[in-house]
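Novice: What would the 3D arrangement of this be:
(one chain, ligands or ions: 3)
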Amino acid sequence: MCGVVGIVGCSAVNQSIYDALTVLQHRGQDAAGIVTIDNQNRFRLRKANGLVKDVFQEHHMQRLQGNLGIGHVRYPTAGSSSPSEAQPFYVNSPYGITLAHNGNLTNTDQLRNKVFQLAKRHVNTNSDSEVLLNIFANELDKFPTFPLTADNIFSAIHNVHSIIKGAYACVAIIIGHGLVAFRDPYGIRPLVIGKRVVENQKVEYMVASESVALDILDFELIRDVEPGEAIYITQDGQLHSKQCSDNYKYYPCIFEYVYFARPDSLINGVSVYQSRIEMGKKLGEKIAKEWQNVDIDVVIPIPETSCDAALEIARILNKPYRQGFVKNRYVGRTFIMPGQSARRLSVRRKLNANRIEFEGKNVLLVDDSIVRGTTSKEILEMVRSVGAKKVYLASAAPEIRHPNVYGIDMPVASELIAYNRTVDEIAQAIGADKLIFQDLSDLIDSITEQNSNIHHLECSVFDGIYVTGGIDDSYLLSLEQKRSESKKLRTSKESENLEIYNEGQ
Ligand SMILES: O=P(O)(O)OC[C@H]1O[C@H](OP(=O)(O)OP(=O)(O)O)[C@H](O)[C@@H]1O
Ligand SMILES: NC(=O)CC[C@H](N)C(=O)O
Ligand SMILES: [Mg+2]
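Specialist: Ligands and ions are numbered 1, 2, ... in the order given. Alright, predicted model coming up:
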């Protein structure tokens, strides 16, 4: 679930893009990149594997000159974790274009062949985002004029929408033109736009995956980019926007609210924090109704995302809420780490149980979601070892039984702990005395109650319905063959040395 940002400023944007990426870090911890345009109309690029604070040293920041730029933090969900697939990507024709993408395309293989056969374009990596950039470039190339008009750019994006399938929120720069941003026709991945007034009443614009990036830079949220809509901000600050899809509908990803987004973000007019409070309220009510005879002494969240929901559950159950785990602030999110053994080790390094809160007690642990069960298994073992009597577990999201194809790394159903298991079997597999999941209808209500314009959410991991179409058993099988845990390790090694267009050190 990568994070993207783009700024058209009146002064150097390198530091602002860096700062925005640091607050989007929770969306991707594997790689980071920034591109700016310097005063000779050249792209300046720095990208590498690692956290934002490690990728950009002072000398890189000095090289990233110019008032217009884009940035990306990566959580790989296609291709490999190789640095050659860090973003933004670049093509030199037409004009010189660079692009950063959050999401996942679902017809990448067909598109890769198509760009080669029809457009004679070579894509050097296994990244779906590099394919997307080439499709966009090819559509822009069909206009003979220079510079392109806003309408030219919008009609290129209209064509892109009809060619590519899947989820995408993109930011791009076209040399000699400006910043372009667009969102897929279902609005699966989030994208917001904001502005900031600087000296002489000049206006700077910013687009970003989450509103929190606008907040910390004092940009005012204007609105969400609509599903299917494109935004074009010229390099001298003229804003154009247009709906570029003939068939657009709001189907935002439900998992942004469950886990991915920061609670202080407003996405699609819905406060992520408020939705998590509601999830806690609804799940608390379900527990109160269905577990009347279960003796709970204390409610304890599994930090960090579940804390808001757990507090509300404790309030509804009228039980004490305690921070029973201490979180190591130097270990990031474990779910978005690339590989099962890294994830498992990191849960241990990240969370430690405070014996005093567990010894001799019946505890209700709360997590926002249970995906592979890595966290729950480790945590349950840990709390038993510090003397918990009974351990109950509540998940603020329902059972996850289906793969995700839109930018969350859950490509293989059999790797999911709930796959082919009943709730009792899942409880047994992770070692809980009792287990309860949120109902999907309650989860949906927790989000849609805040915005009456959103009637649907993209819920495929829960219900197996893929709104974009084209996802059948053979697609899922080929995804499994490409991206199962064991396969991913191999692909990453193979792609290690493909770095081109990158300054490296
Ligand atoms: O069942 P699993 O496969 O373990 O995945 C689910 C867990 O992973 C996430 O935590 P993470 O550590 O990534 O981040 P957090 O600190 O934001 O909760 C999520 O909040 C769950 O705790
Ligand atoms: N999670 C994402 O948004 C990833 C973007 C892109 N599919 C990649 O793997 O780099
Ligand atoms: Mg967690």
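Novice: Remind me what the longest helix along the chain packs against, helices and strands.
Specialist: Counting by DSSP state H, the longest helix found in the chain is helix 272-290. Identification of packing neighbours for helix 272-290 by 3 or more C-beta pairs under 8 Å, 6 or more residues apart in numbering; DSSP states H and E yields helix 307-317, strand 434-437, helix 440-448. (Glycine included, C-beta is placed from N, CA and C.)
Novice: List the buried residues for the longest one?
Specialist: Neighbour-count burial for helix 307-317 flags Cys307, Asp308, Ala309, Ala310, Leu311, Glu312, Ile313, Ala314, Ile316, Leu317 (criterion: 16 or more other C-beta atoms under 10 Å).
Novice: Take those and lay them out in CSV including distance to ligand 2.
Specialist: Shown next, in CSV, are the buried residues of helix 307-317 (distance: C-beta to the nearest ligand atom, whole Å):
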residue, distance to ligand 2
Cys307, 24
Asp308, 23
Ala309, 24
Ala310, 27
Leu311, 29
Glu312, 29
Ile313, 30
Ala314, 33
Ile316, 34
Leu317, 36
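Novice: Can I get the residues you listed in a markdown table including distance to ligand 1 and pLDDT?
Specialist: As requested, the buried residues of helix 307-317 are exported to a markdown table (distance: C-beta to the nearest ligand atom, whole Å; pLDDT from 0 to 100):
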| residue | distance to ligand 1 | pLDDT |
| --- | --- | --- |
| Cys307 | 9 | 97 |
| Asp308 | 11 | 97 |
| Ala309 | 10 | 98 |
| Ala310 | 11 | 98 |
| Leu311 | 14 | 98 |
| Glu312 | 16 | 98 |
| Ile313 | 15 | 98 |
| Ala314 | 18 | 98 |
| Ile316 | 21 | 98 |
| Leu317 | 20 | 98 |
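Novice: Can you verify my assumption that Arg74 contacts Ala31?
Specialist: Yes. Counting by C-beta atoms under 8 Å, Arg74 does reach Ala31; the two are 4.0 Å apart.
Novice: Give me the common contacts of those two.
Specialist: Listed contacts common to Arg74 and Ala31 are Glu85, Ala86, Gln87; contacts here mean C-beta atoms under 8 Å, 6 or more residues apart in numbering.
Novice: Give me the subset of those that also touch ligand 2.
Specialist: Restricting the shared contacts of Arg74 and Ala31 to those within reach of ligand 2 (C-beta under 6 Å from any ligand atom) leaves Glu85.
Novice: Throw the helices and strands packed on helix 272-290 into CSV and include distance to Ala150, thanks.
Specialist: Output for the helices and strands packed on helix 272-290, formatted as CSV (distance: least, C-beta to C-beta, whole Å):
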stretch, distance to Ala150
helix 307-317, 41
strand 434-437, 47
helix 440-448, 33
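Novice: closest to Leu380 out of the ones you listed?
Specialist: strand 434-437 (10.3 Å; C-beta to C-beta).
Novice: so the residue in the stretch 301-450 of the chain that ligand 2 sits nearest to is in which element?
Specialist: Residue of the stretch 301-450 of the chain nearest ligand 2, by C-beta to the nearest ligand atom: Gly407 (4.0 Å). Using DSSP states H and E, Gly407 falls within no helix or strand.
Novice: just use 605 as the starting number from now, easier for me
Specialist: Right, with 605 as the first residue, what we last looked at is Gly1011.
Novice: That one: neighbour count?
Specialist: By other C-beta atoms under 10 Å, the residues close to Gly1011 number 27.
Novice: What values do phi and psi take at it?
Specialist: Per-residue torsions, Gly1011: phi 120, psi 20 (degrees, to the nearest 10).
Novice: show me what contacts it?
Specialist: Counted by C-beta under 8 Å, 6+ apart, Gly1011 has contacts Met605, Cys606, Thr681, Asn706, Gly707, Asn708, Ala771, Ile792, Arg793, Cys857.
Novice: Now do Met883 against Glu662, distance only.
Specialist: Here Met883 is placed at a distance of 42 Å from Glu662 (C-beta to C-beta, to the nearest Å).
Novice: what pLDDT does Leu1093 get?
Specialist: For Leu1093, the model assigns a pLDDT of 57.
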